[in-house]
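[1] my questions are about this predicted structure, shown below with the sequence.
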Amino acid sequence: MKNLFKKIIIFILTTEAKLVLWKYKPKIVAITGSVGKTSTKDAVYAVISKISYARKSEKSFNSEIGVPLTILGCRNGWSNPFIWFENIFLGLWLFIWPHKYPNWLILEVGIDKPGDMQATASWLKTHAVIITAIGEVPVHVEFFDSVKNLVEEKSQLIKTLNKDGFLILNADDKLVLELKTKSKNRTITYGFNPEADVICSCNNISYGKLNEPDGINFKVDVDGKSLPVNLEKVFGKNHLYAALSALAFAFSFKLNMLNAIDALRNYDIPPGRMKLLKGINKTLIIDDTYNSSPAACEAALKILGEIKSQLNATVPTKPEARKIAVLGDMLELGKHTKEAHKNIGFIAKENSDIIITVGPRAQSIKEGAIEAGIDLKNIFEFSNSIEAKEFLKKFIKKNDLILIKGSQGMRMERIVGELILDQENKKKLIVRQEIEWLAKE
């Protein structure tokens, strides 16, 4: 009965979304990939919203129900039928009665299983499609026969482009770059690849007045110019790539590049995505708890290692800071699960001083770290995030830098919530603080 209700709701809201798009005719940017969709969506929105009325997918509304909800401007009804009926009424009212509607929609489009992308691509018409990154072991791969099949499913979004639309691709991801052959549209590429149209020529972690890491800066080479870009209070290549994709979008549509760069300096980045937070006991936390995948976890760990080397070189008189990697299970990896976790163990050993694993799959992280030569006294394991947070509360000490990451289902944000200094603003600073999420076990 519940599944039937869900199907009916999806059908009605999708039909209303089609009617609304037909009536208001907004320009649409659709974003997909296995890594970095949400960060890219937020970066593109930051650029567009400075020049036009725009709307982006809330949180990660990227499913067959999330996309229509964004188009209609409605909220997630979760298990409340009254909210869903309200959404249906609001969608119908939006179509019948004239409203002020966004000129641009920035839609995050994800997949969980075969057929998901085709279901959305069959009715969506876009002006730009951005494909971020796939990676060697992408999330959701367990539901597909191979990585190739997953890439093929995601590539269905390219068919939504109108004849004047732009295909924007990550030039550093081989699987993504190969998708150039699937479109006759003009393709704009971005990345570190010197053959890309928008190139990151160098990047560094920046440090503030207290010699603490406070963001990243880099140079972007585009159209014969080299322009400096600074992103505040965030780390990691996911944000760097998100900024590059937004600048590639700006370049495609001939927007002012300096204005686009300025829009990215300190835009509203959602919690749980490589954000720097002050912790208790004068510690620093890198909160990357929104989700996890092998590629994203590897990138986060390498940032942890990079901060370590740069911090010691920049502030030689400061007491040695311990780098603690708190790593939860990476879900939905299917047959790749054990190998992917074990590989993360090798990478974690090279980029952190202490490793704390959370969950049964993360035991393979421990195995990998042990094979890599970690001292057993520097690795701890827990079955869930509640156990881990109680341990960390007593374990951390002054100057520790703590990376916390894991898949959504591991609820690693509970650990961040226990360790952050600013408890009054916890709901704003941490991901998944809605009542519906907090009620889950």
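    Now that the structure is in, tell me what you want to look at.
[2] shouldn't residue 75 be within a strand?
    No. If the criterion is DSSP: H, G, I helix; E, B strand; the rest coil, then residue 75 is coil and not within a strand.
[3] so it makes contact with residue 69?
    Yes. The criterion here is CB atoms under 8 Å, and residue 75 meets it with residue 69 at 7.2 Å. C-betas here are computed from N, CA, C, even on glycine.
[4] what residues do those two have in common as contacts?
    Common neighbours of residue 75 and residue 69 are listed as 58, 87 (criterion: CB atoms under 8 Å, 6 or more residues apart in numbering).
[5] the two - which one has more neighbours?
    More neighbours surround residue 69 than the other of residue 75 and residue 69, with 20 against 14 (other CB atoms under 10 Å).
[6] okay, that one: pLDDT?
    We have a pLDDT of 94 for residue 69.
[7] and the gap between the residue lying closest to residue 117 once chain neighbours are set aside and residue 108?
    Counting by CB to CB, 6 or more residues apart in numbering, residue 117 lies nearest to residue 156, which is 4.3 Å off, once chain neighbours are set aside. Distance, residue 156 to residue 108, using CB to CB, to the nearest Å: 15 Å.
[8] pick out whichever of these two has more residues nearby.
    Neighbours per residue (other CB under 10 Å) separate residue 156 from residue 108, with residue 108 holding more: 27 against 20.
[9] what's the distance between that one and residue 419?
    Distance, residue 108 to residue 419, by CB to CB: 29 Å.
[10] same check, this time on residue 198
    Per CB to CB, residue 198 is found 37 Å from residue 419.
[11] just residue 321 next, same as before
    Distance of residue 321 to residue 419, given as CB to CB: 15 Å.
[12] ok so, going back, can you tell me how far the residue nearest to residue 117 is from residue 141?
    For residue 156, the distance to residue 141 equals 17 Å [CB to CB].
[13] repeat for residue 79
    Relative to residue 141, residue 79 is positioned 29 Å away (CB to CB).
[14] looking at those two, which is more packed in?
    Neighbours per residue (other CB under 10 Å) separate residue 79 from residue 141, with residue 141 holding more: 24 against 8.
[15] quick revisit: contacts only, for the residue nearest to residue 117.
    The contact partners of residue 156, taken as CB under 8 Å, 6+ apart, are 117, 118, 121.
[16] could you give the separation of the helix or strand containing the second one from the chain centroid?
    Here residue 118 is covered by helix 116-121, with elements defined by DSSP states H and E. What separates the centre of helix 116-121 from the centre of its chain is 21 Å, taken as CA atoms, centre = their mean, to the nearest Å.
[17] now do that helix: everything it contacts.
    For helix 116-121, the external contacting residues (CB under 8 Å, 6+ apart) are 32, 63-64, 67, 109-111, 153-154, 156-157, 159-160.
[18] make it 6 Å
    Contact partners of helix 116-121, identified using CB atoms under 6 Å, 6 or more residues apart in numbering, comprise 64, 67, 109, 111, 153, 154, 156, 157, 159, 160.
[19] send me it as PDB with only the CA atoms.
    The C-alpha coordinates for helix 116-121 follow below in PDB (Å, rounded to 0.1, in the frame of the first residue of the first chain):
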ATOM      1  CA  ASP A 116      16.300   5.900 -12.600                       C
ATOM      2  CA  MET A 117      18.000   8.400 -15.000                       C
ATOM      3  CA  GLN A 118      16.000   7.400 -18.000                       C
ATOM      4  CA  ALA A 119      12.800   8.100 -15.900                       C
ATOM      5  CA  THR A 120      13.900  11.700 -15.400                       C
ATOM      6  CA  ALA A 121      15.600  12.300 -18.700                       C
END
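[20] alpha carbons of the very next helix or strand once past that helix, as PDB, please.
    Sequence-wise, the next helix or strand downstream of helix 116-121 (DSSP H and E) is strand 126-131. The C-alpha coordinates for strand 126-131 follow below in PDB (Å, rounded to 0.1, in the frame of the first residue of the first chain):
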ATOM      1  CA  THR A 126      18.100  21.300 -20.200                       C
ATOM      2  CA  HIS A 127      20.400  24.200 -21.200                       C
ATOM      3  CA  ALA A 128      23.500  22.800 -19.600                       C
ATOM      4  CA  VAL A 129      24.400  19.400 -18.200                       C
ATOM      5  CA  ILE A 130      27.400  19.100 -15.800                       C
ATOM      6  CA  ILE A 131      28.900  15.700 -15.100                       C
END
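[21] any chance you could list what contacts strand 126-131?
    Contacts to strand 126-131, defined as CB under 6 Å, 6+ apart, come from residues 27-33, 40, 157-158, 160-161, 165-169, 176, 245.
[22] that strand - what's its average pLDDT?
    Averaging pLDDT along strand 126-131 yields 98.
[23] use 61 as the first number for this chain going forward.
    With 61 as the first residue, the last one maps to strand 186-191.
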